[in-house]
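Enquirer: The following comprises the amino acid sequence and a computationally predicted model.
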Amino acid sequence: MDKVDLDSPHSMGTTIIGVTYNGGVVLGADSRTSTGVYVANRASDKITKLTDNVYICRSGSAADSQVLSDYVRYFLHQHTIQLDQPATVKVAANLARLLSYNNKDMLQTGLIVGGWSKHEGGKIFGIPLGGTIIEQPFAIGGSGSSYLYGFFDQAWKDGMTKEEAEALVVKAVSLAIARDGASGGVVRTVTIDKDGPERKFYPGDKLQLWHEEMEPQNSLLDIWGGATAASPEPMRE
Amino acid sequence: MEDTNSKNSLLVDDIQRTQYPYVTGTSVIGIKYKDGILIAADMGGWRSAGQMVWWCVLMKLGGCDVVGCGLVEGDVVGGGNGCGVVALVGSYGSTLRYKSVERLKAIGKHSLLGASGEISDFQELLRYLDDLTLQDNMWDDGNSLGPKEVHSYLTRVMYNRRNKFNPLWNSLVLGGVKNGEKYLGTVNMIGVHYQDNHVATGFGNHLAVPILRDEWKEDLSFEDGVRLLEKCMRVLLYRDRSAVNKLQIAKITEGDVSISPPYSLKTFWDFEAFKNPTASAEGSW
């Protein structure tokens, strides 16, 4: 009997996405946190608030990303007080990069920082392992993102509307969940524009079905009906 | 009084300092021409999937991909050439993560820096250089750092980091013109540095430099220089797995440092020899 390691560190396998659109950004993520093979939390929230107008998507080590975003929130708060106006997305992203780069030996977390500010409009910054910072019109991260490079190459276009961007993000996370064992659960999105953030929630069972996935049923009994009801032939050789 | 807590060996240490690259750029090529310097680099940022064996000997850089060698991460290995720490083990594939990474940046009024290797370390170097140029401006003495000085500074930074077993994982090309004098130099993560009429990093050393040795000459025109660089970049595109068909060429002259917008090169595949290469030997490649 194979030994299952239940003491592995909490890691968010994850799929995280950030997309800019005409007027703001949409951030999206799955909700699975695993400890080795066990799903420690099937409804985690990987999109974390840094300020009212800037959010961060976390992937990799749950602990590392949590403590890093706590530090960034702390510094940003002070920065906002000093500035007497909301922080820009660029500053938030650079704070995250600083921590990520200077502790690259110890940390294992990939981040996407996204938000809206008066000076910049909607902005997305990717901060992968190692602490590189890179501004992008859209960013994908986490283990599930491997399955999305081709998808985005084809489906992404500039100047989308809010609805198009949200639909794209939900579709992408959902596709990644279908293929990545380390991603699953619900799809969460946070849309940020000049009016602030808006959270949306897409439960796993309400997502579009993909290849070889089947419509969920309550029970076999519903498909076969009763003993007398007309029912499909039972499977046989 | 003896400090019983201090550890003598640099290698047996709590803190793992030798790193490994996460997001990397490939070759940079630079040449001198009539009016100044031309430097080319593509815009790819690659991340290795899985892990790679980096048996990094910092006295003499070596790498090996030996599968099944029994080495695990953290092993201290020693040999005739020096010693190092095994960083990661195993190797399979890589992802072109970023297709618009700017690997050429102007430094001050007279120089341009191109980098291959870990992008986050390059970004950090740019910050150091920002500080350097700021301090230089603040002297307000009419003098400004030339390419020779910047290259010297970079060399010191790279070599000193290497001595502390905490390198900036880059190979750099620094070119510029000041007071009519053209300068083109290179420095890498172990501190090896030199100047020449043409330099290249990474794969460029093996594929581009031989072409340049053959075809470079004094006082190339701008057009000839660009064509020569494009010839090298095209070869790299064919033969370097990490090369990406989106590049920029930078031009540095006495009064001006400018970087071209990104563009792509044509490639040529329509050869008879390519059409049916295994016709006479099925199964071969």
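Expert: Right, received. Where do you want to start?
Enquirer: Name the residues of chain A found near chain B, please.
Expert: Within chain A, the positions lying close to chain B (Cβ under 8 Å from any Cβ of the partner chain) are A:101, A:104-105, A:126, A:128-134, A:136, A:146, A:149. Placement of C-beta: from N, CA and C, glycine included.
Enquirer: May I ask which two of these are separated the most?
Expert: Farthest apart among these by Cβ to Cβ are A:D105 and A:Y149. That separation is 27.8 Å.
Enquirer: Give me the distance between the most centrally placed residue in chain A and chain B.
Expert: Taking Cα atoms, centre = their mean, the centroid of chain A lies closest to A:A29, which sits 1.7 Å from it. Per Cβ to the nearest Cβ, to the nearest Å, A:A29 is found 19 Å from chain B.
Enquirer: ok, B:D136 touching B:L145?
Expert: Yes - the pair B:D136 / B:L145 is scored as a contact, 5.0 Å apart, by Cβ atoms under 8 Å.
Enquirer: got any residues that touch both of these two?
Expert: Counting by Cβ atoms under 8 Å, 6 or more residues apart in numbering or on different chains, the residues touching both B:D136 and B:L145 are B:G108.
Enquirer: Neighbour count for those two, which is higher?
Expert: With neighbours defined as other Cβ atoms under 10 Å in any protein chain shown, B:D136 and B:L145 compare such that B:L145 has more, 22 against 16.
Enquirer: Quickly note the distance from that one to B:K182.
Expert: Look at B:L145 and B:K182: by Cβ to Cβ, to the nearest Å, they are 16 Å apart.
Enquirer: and what of B:S242?
Expert: Distance, B:S242 to B:K182, using Cβ to Cβ: 29 Å.
Enquirer: give the contact list for the residue nearest to the centre of chain A.
Expert: By Cβ under 8 Å, 6+ apart, the residues touching A:A29 are A:T14, A:T15, A:I16, A:I17, A:K46, A:I47, A:C57, A:G142, A:V173, A:V187, A:R188.
Enquirer: So, low pLDDT: which residues of chain B?
Expert: B:1-18, B:49-94 (pLDDT under 70).
Enquirer: residues contacting whichever residue of it sits closest to chain A?
Expert: Closest residue of chain B to chain A, Cβ to the nearest Cβ: B:Y22 (3.4 Å). For B:Y22, the contact set (Cβ under 8 Å, 6+ apart) comprises A:P128, A:L129, A:G130, A:T132, B:R47, B:S48, B:E118, B:S120.
Enquirer: Could you rerun that using 7 Å?
Expert: Each residue near B:Y22 by Cβ atoms under 7 Å, 6 or more residues apart in numbering or on different chains is listed here: A:P128, A:L129, A:G130, B:R47, B:E118.
Enquirer: Just give me the closest of those residues to B:E282.
Expert: Among the contacts of B:Y22, B:R47 lies closest to B:E282 (Cβ to Cβ), at 37.1 Å.
Enquirer: Can you measure across stretch A:132-151, start residue to end residue?
Expert: One end of stretch A:132-151 sits 24 Å from the other (Cα to Cα, to the nearest Å).
Enquirer: Pull out the buried residues from that stretch.
Expert: Within stretch A:132-151, the residues scored as buried using 16 or more other Cβ atoms under 10 Å in any protein chain shown are A:132-145, A:147-148, A:151.
Enquirer: In strands only, show me these.
Expert: Among the buried residues of stretch A:132-151, the residues falling in strands (DSSP state E) are A:I134, A:E135, A:F138, A:A139, A:I140, A:G141.
Enquirer: Verify the contact between the fifth one and A:I17 for me.
Expert: Yes - using Cβ atoms under 7 Å, A:I140 makes contact with A:I17 at a distance of 5.2 Å.
Enquirer: re earlier: quick one: the residue of chain B closest to chain A and A:R97, what's the gap?
Expert: Distance from B:Y22 to A:R97, counting by Cβ to Cβ: 13 Å.
Enquirer: Show me where chain A has its strands.
Expert: Along chain A, counting by DSSP E, strands occupy A:10-12, A:16-21, A:24-29, A:33-35, A:38-41, A:47-51, A:54-61, A:109-117, A:121-127, A:134-135, A:138-141, A:187-193, A:196-202.
Enquirer: nope, the stretch 51-200 of chain B is what I was after
Expert: Secondary structure of the stretch 51-200 of chain B by DSSP state E, counting those that start in this stretch: the strands cover B:55-57, B:76-79, B:82-86, B:94-98, B:104-107, B:111-118, B:170-178, B:181-188, B:193-195, B:198-200.
Enquirer: which ones are touching the residue nearest to A:D193 when sequence neighbours are not counted?
Expert: Closest residue to A:D193 apart from its sequence neighbours, by Cβ to Cβ, 6 or more residues apart in numbering or on different chains: A:G24 at 3.2 Å. By Cβ under 7 Å, 6+ apart, A:G24 lies in contact with A:W116, A:G122, A:K162, A:T191, A:I192, A:D193.
Enquirer: Look at A:G24 and report its pLDDT.
Expert: For A:G24, the model assigns a pLDDT of 97.
Enquirer: again with A:G196
Expert: Predicted confidence (pLDDT) for A:G196: 95.
Enquirer: in stretch B:186-206, what counts as buried?
Expert: B:186-191, B:193, B:195-205.
Enquirer: Likewise for stretch A:30-48?
Expert: A:30-35, A:39-40, A:44-48.
Enquirer: And the average pLDDT for that stretch is what?
Expert: Confidence for stretch A:30-48, expressed as mean pLDDT, is 87.
Enquirer: Likewise for stretch A:70-80?
Expert: For stretch A:70-80, the mean per-residue pLDDT is 97.
Enquirer: quick one: that stretch to chain centroid distance?
Expert: In terms of Cα atoms, centre = their mean, to the nearest Å, the centre of stretch A:70-80 is set 22 Å apart from its chain centre.
Enquirer: Nothing else from me, thank you.
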